[in-house]
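Peer 1: 3D model of this:
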Amino acid sequence: MTAQPLLTHVILPDGHRMRARWYRPARNNGLNAAVIVIHDIFGFTEDQARIAERLADNGYPVLAPDLYDRPGVRALCVARTLRDHERGHGDAFDHLEACRRWVLEQDDEPVHAVAMMGFCMGGRFALLFAARGGLQVVAPFYGGVPRRAEALTGICPVVGGWGKKDLIYGGHGERLARHLTELGVPHDVKTYPDAGHSYMNDHQTFYFKRLADYSPLRARYEPDAAEDSWRRVLTFFRNTLSEPPLQ
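Peer 2: Numbering: from 1, shown residues only. Just a heads-up that it's a prediction; the model follows:
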């Protein structure tokens, strides 16, 4: 069983203390790698905690930050984070870099490599952040993918998933697979024909349970696609992180 997470803070470049949950595995898998889990548009929720716990149960130390925890009024903090998400640059990416440095510098667990996993909004953040370098493997799910492969030059190996029923992002997984093939980057990106957006997220809210499936995103938790994705992520992480780093 996973130990209870520690509520901690990551110091941002402006000195703000961004809250985050820190999960230490009961038994470290020996890969000396931590995973940063980036939440979806709903923010710092128990669903993000559920995902982090599953990674920790597989032996990974996990940091789950709240990207909406920025200085100022919360509504403006959310708006600024979403602005950075759309632009592909901005303070949110510096905050992710602060998270990466935090897991490398903490003394609780041996960490020499960093992976990142993100969903919806977090999927795009993870993908674009990975293209900046500094990660060993990244797992984006149903986030927006740049139109041109050049935007991902320098990215690490990628494992991810999209749902074809998603009328907005459903084709982005296939786009990403084409980009990564063109760039010669190892990847396992799958598009599930019977899933929509958010198929790995299981929010226990009225909106998500009753209404989200009626949106163009066709957002709904799909257990079969989710479990297949977990199998692929854990296998891809283990195989990639077991290899010696590129010089």
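
Peer 1: in the chain, what helix or strand scores lowest on average pLDDT?
Peer 2: Each helix and strand of the chain was given a mean pLDDT (mean pLDDT, DSSP states H and E); the minimum falls on helix 206 at a mean of 75.

Peer 1: per-residue pLDDT, the one residue sitting closest to the centre of the chain?
Peer 2: Centroid-nearest residue in the chain: G118, 1.6 Å away (criterion: C-alpha atoms, centre = their mean). G118 carries a pLDDT value of 98.

Peer 1: for the one 10 residues further on, same thing?
Peer 2: Among the per-residue scores, L128 shows a pLDDT of 97.

Peer 1: I'd say it and G90 touch.
Peer 2: No. L128 lies out of contact with G90 (C-beta atoms under 8 Å); the separation is 10.6 Å. (Glycine included, C-beta is placed from N, CA and C.)

Peer 1: name the helices or strands packed onto the lengthiest helix in the chain?
Peer 2: The longest helix of the chain (DSSP state H) is helix 223-242. Applying 3 or more C-beta pairs under 8 Å, 6 or more residues apart in numbering; DSSP states H and E, one finds that helix 223-242 contacts strand 33-38, strand 113-119, strand 137-141, strand 158-163, strand 187-192.

Peer 1: more neighbours: L128 and G90, which one.
Peer 2: Set L128 next to G90 and count neighbours by other C-beta atoms under 10 Å: L128 wins out with 27 against 14.

Peer 1: am I right that that one is in a helix?
Peer 2: Yes. The assignment for L128 is a helix, going by DSSP: H, G, I helix; E, B strand; the rest coil.

Peer 1: if we ignore the residues flanking it in sequence, what's nearest it?
Peer 2: Distances taken as C-beta to C-beta, 6 or more residues apart in numbering place G88 nearest to L128, at 5.2 Å, with adjacent residues excluded.

Peer 1: next up, the contacts around the one you found.
Peer 2: 128, 146, 151 (C-beta atoms under 8 Å, 6 or more residues apart in numbering).

Peer 1: which of these lies closest to P216?
Peer 2: P146 (20.7 Å; C-beta to C-beta).

Peer 1: which pLDDT value belongs to the closest one?
Peer 2: 96.

Peer 1: kindly report the same for A3.
Peer 2: 63.

Peer 1: wait, H85 touches A92, no?
Peer 2: Yes. When contacts are counted by C-beta under 8 Å, H85 is listed as touching A92 (6.8 Å).

Peer 1: shared neighbours, those two?
Peer 2: In terms of C-beta under 8 Å, 6+ apart, H85 and A92 are both contacted by the residues F125.

Peer 1: follow-up on the earlier one: quick one, which of the helices and strands packed on helix 223-242 is nearest to I11?
Peer 2: Using C-beta to C-beta, the helices and strands packed on helix 223-242 put strand 33-38 closest to I11, at 15.4 Å.

Peer 1: can you give the strand pairings for the closest one, parallel or anti for each?
Peer 2: With DSSP bridges as the test, strand 33-38 is paired with strand 62-65 (parallel), strand 113-119 (parallel).
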